[in-house]
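S.K.: Based on what follows, work out the 3D shape:
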Amino acid sequence: MSMNKGIPTVMKFMTVMPHTIGAEETLSAAHNLMKKFQIRHLPVMCAGQITGVISDRDVKMALSIRGVEAEKTTVEEISSHEVFLVKPGNKLDDVVKTMSEKKIGSVLVVDNHRLVGIFTASDALNALNELLHTRLSHSY
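M.R.: Sure, this is the predicted structure:
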C-alpha cells in the first residue's frame with residue numbers, strides 16, 4: 001500500500017463556521033463565550049471583516065491586570081491583530097509547519113474574503129490522531 005496518498009488540505013480538519021466575536025464586545029463577553037463553548041480562540045470581526053483573534057490566554061492575562069474592567073474593556077483593545085490566514089485548499093503539512101515554527105495557536109481559514117473555518121492546535125492533534133490510525137497504521 002502506498003504511503004503517498006497526497007497530503008490532505010486544512011479544510012478536512014478545520015472547525016467549520018467558528019464562533020466569532022465583535023471587536024466592540026467586552027472582555028467579559030469573550031470570556032463567557034469561550035467558557036460556554038469550551039473554545040480557546042475567537043476570531044474578532046468588525047463590519048464583516050476579520051480584525052484579529054483573541055485567545056483564552058489573552059483574556060486571562062488582561063483580566064489579571066489591575067485596573068482592567070471586564071465589562072468596559074473591549075475585545076479590540078486586547079486582541080492580537082497578527083492573524084495567520086490560509087485558504088481551505090492549503091496543504092496540511094504547510095499549515096502545521098508554519099504554526100509550529102511561529103508558535104501560532106490558531107489559523108483562520110478564509111475563502112473569498114469570508115471566514116469559513118478555524119484550524120487550531122487541537123485540530124492539528126485530531127488530524128495527527130486520525131492519520132496515525134488510518135494512513136500510517138498500514139506501514140508498521
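
S.K.: and the spatially most central residue of the chain, bridged to which residues?
M.R.: The geometric centre of the chain, computed from its C-alpha atoms, lies nearest to S106 (CA atoms, centre = their mean), at 3.3 Å. On the basis of DSSP bridges, S106 is bridged to T120.

S.K.: what about the strands in this protein?
M.R.: 15-16, 21-22, 41-46, 49-55, 85-86, 106-111, 114-120 (DSSP state E).

S.K.: Let me have the ones you listed in TSV, extended by distance to L92 and mean pLDDT.
M.R.: Bear in mind the C-beta positions are built from the backbone N, C-alpha and C, glycine included. Putting the strands of the chain into TSV (distance: least, CB to CB, whole Å; pLDDT from 0 to 100) gives the following:
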stretch	distance to L92	mean pLDDT
strand 15-16	14	94
strand 21-22	27	97
strand 41-46	18	96
strand 49-55	20	94
strand 85-86	10	96
strand 106-111	11	96
strand 114-120	9	95
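
S.K.: possible to save these as JSON lines with distance to G6?
M.R.: Written out in JSON lines, the entries for these read as follows (distance: least, CB to CB, whole Å):
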{"stretch": "strand 15-16", "distance to G6": "21"}
{"stretch": "strand 21-22", "distance to G6": "36"}
{"stretch": "strand 41-46", "distance to G6": "28"}
{"stretch": "strand 49-55", "distance to G6": "29"}
{"stretch": "strand 85-86", "distance to G6": "18"}
{"stretch": "strand 106-111", "distance to G6": "19"}
{"stretch": "strand 114-120", "distance to G6": "18"}
